[in-house]
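> What follows is a predicted protein model with its sequence.
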Amino acid sequence: MMRSPERVSTAVRKADGDIVVKNQEFISLTKRNKILGLLLLRGIISFVEMLVIGIKSLNYSAEVAVNEAERLEGKQEKNSVFKSDTFKNMYFTLTVVFALALGIGIFFFLPLWFSQLSGVKRQALAFNLVAGLFRVTLFILYVWGISRFGEFKKVFQYHGAEHKSIFTYESGRELTLENVREYGTRHPRCGTSFILIVAVFAILVYSVSDTIYYVLTGVPPTLLRRFAIHFCLLPLVAGVGYELLKLSAKTSHNRIVKFLIAPGLWIQRITTQEPSDDQLEVAIVALQNALGIKKPALAPESQSSPSS
């Protein structure tokens, strides 16, 4: 999946080797609304948009795979309720809700609960350091664990292919297989780095918020109150994290910045893996379509719909 300022393009290789492309016009809310494009707010909006786009792209990829399997088995059901737009929209909504609930439970509430058990609930900085370190460790173990599975390994290989093709384009070179092969899989603007930046910055913000609560009430916040306060501050943390990510990408050649972004690039050793030439071709096609560079051999499925 590739996104440009005008559109989102998702390319999928079918079982017969052909690549199908779905193009959807997409202009970010941060570009269509001046208020939403303000500092900090744009980071929150961009995060939500990319979450939605990412899930939609994965669903489209899965849909192509299912259709291919049915075609090969001769079991296509054109009027199946499972292929209706209503079902697809309902399935997508449930997928987003489930993903958010699972993410909040595992990576947000669980670290707070673990830190509460550690006995440092009266020390704001110590509490959030423990929670933050546990959160980062949990995330690393999670991505490492799923990377062991074959299908997820392919996802991480495609992730690496995306980065390689983006590096090629940003270097001003033609998007050919030979050129794309030369670049690495780790990119400073990757969402993996964003997650790590947010996790680290959250330690500072949540330590301050817990301290303020203690000063005002004279007692440390309970687990549920911490969760509520921290959750309400999450958009602020995400907004600042987005700005820090953009800044680090622009100054990635600075020695100090290189040192600061190194952990995020290190984690990308797990979340991005070296792709095959077939996977590189899919990434190249997706980026070409996102940029409006169409190849005669392709027959993209165009779906233009306004963003909400």
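Ah, there it is. Everything numeric here is computed off the predicted structure, so don't read it as measured data.
> unless I'm mixing things up, Phe139 is touching Ile106, no?
No. Using CB atoms under 8 Å, Phe139 is not in contact with Ile106, being 9.1 Å away. (Each C-beta comes from the backbone N, C-alpha and C, glycine too.)
> okay, the two: which has more neighbours?
Per other CB atoms under 10 Å, whichever of Phe139 and Ile106 has more neighbours is Phe139, with 18 against 14.
> helices or strands up against the helix or strand harbouring that one?
Assigned by DSSP states H and E, Phe139 belongs to helix 124-147. Contacts defined by 3 or more CB pairs under 8 Å, 6 or more residues apart in numbering; DSSP states H and E place helix 124-147 against helix 110-117, helix 150-170, helix 191-217, helix 255-271.
> which residues are in contact with it?
106-108, 110-112, 114-116, 118, 120-121, 152-153, 156, 192, 195-196, 199-200, 202-203, 206-208, 210-211, 214, 220, 267, 270-271, 273 (CB atoms under 8 Å, 6 or more residues apart in numbering).
> Likewise for stretch 235-255?
39-44, 46-47, 188-189, 193-194, 197-198, 201-202, 205, 257-258, 260-261.
> now these: which count as buried?
By neighbour count, with 16 or more other CB atoms under 10 Å, the contacts of stretch 235-255 hold 41-44, 46-47, 188-189, 193-194, 197-198, 201-202, 205, 257, 260-261 as buried.
> For the contacts of helix 124-147, which PyMOL command selects only the ones that are buried?
Only the buried entries of those go into this PyMOL selection, using 16+ other CB under 10 Å:
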select buried, resi 107+108+111+112+115+116+120+121+156+192+195+196+199+200+202+203+206+207+210+220+267+270+271+273
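> Rounded mean pLDDT for the top helix by length along the chain, please.
Using DSSP state H, we find that the single longest helix of the chain is helix 41-73. Mean per-residue pLDDT for helix 41-73: 84.
> mind listing what's buried in stretch 233-249?
Buried, per 16+ other CB under 10 Å, within stretch 233-249: 234-242, 244-246, 248.
> Equivalent analysis for stretch 225-234, please.
For stretch 225-234, by 16+ other CB under 10 Å, it's 226-227, 230, 234.
> Please tell me how far His187 sits from Thr137.
Using CB to CB, to the nearest Å, one gets 23 Å for the distance from His187 to Thr137.
> least trustworthy helix or strand in this structure by mean pLDDT?
Averaged element by element with mean pLDDT, DSSP states H and E, the chain has its least confident helix or strand at strand 301-302 (a mean of 38).
> Report back the residue of this protein that's furthest from centre.
Distance to the chain centre peaks in the chain at Gly218, reaching 39.4 Å (criterion: CA atoms, centre = their mean).
> Look up the pLDDT of that residue for me, please.
The per-residue pLDDT reported for Gly218 equals 91.
> how about it, phi and psi?
Phi and psi for Gly218, reported as degrees, to the nearest 10, are phi 80, psi 0.
> Let the chain start at 21 from now.
Sure, I'll start numbering at 21, so the last one becomes Gly238.
> Looking at the residue nearest the centre of the chain now. What's its pLDDT?
Residue closest to the mean C-alpha point of the chain, counted by CA atoms, centre = their mean, is Gly211 at 4.9 Å. Note on Gly211: pLDDT of 86.
> residues in contact with it?
Shown in contact with Gly211 (CB under 8 Å, 6+ apart): Met70.
> distance of it from Ala306?
16 Å.
> and what of Gly170?
Going from Gly170 to Ala306 by CB to CB gives 22 Å.
> Compare the two and say which is more crowded by neighbours.
More crowded of Gly170 and Ala306, by other CB under 10 Å: Ala306, with 27 against 6.
> Which helix or which strand is home to that one?
Per DSSP H and E, Ala306 falls inside helix 297-311.
> distance between that helix and the chain's centre?
Here the centre of mass of C-alpha atoms in helix 297-311, compared against the chain's by CA atoms, centre = their mean, to the nearest Å, lies 18 Å away.
> likewise stretch 46-65?
Worked out by CA atoms, centre = their mean, stretch 46-65 lies 17 Å from the chain centre.
> next one: stretch 78-88
Averaging C-alpha positions (CA atoms, centre = their mean) puts stretch 78-88 19 Å from its chain's average.
> so where's the stretch 221-328 of the chain uncertain?
Within the stretch 221-328 of the chain, the segments meeting pLDDT under 70 span 314-328.
> thinking again about what came up before, distance check, the residue nearest to the centre of the chain against Asn309.
For Gly211 relative to Asn309 (CB to CB), the value is 21 Å.
> and the longest helix of the chain, what does it pack onto?
Using 3+ CB pairs under 8 Å, 6+ apart: helix 61-93 touches strand 27-33, helix 49-52, helix 105-124, helix 243-270.
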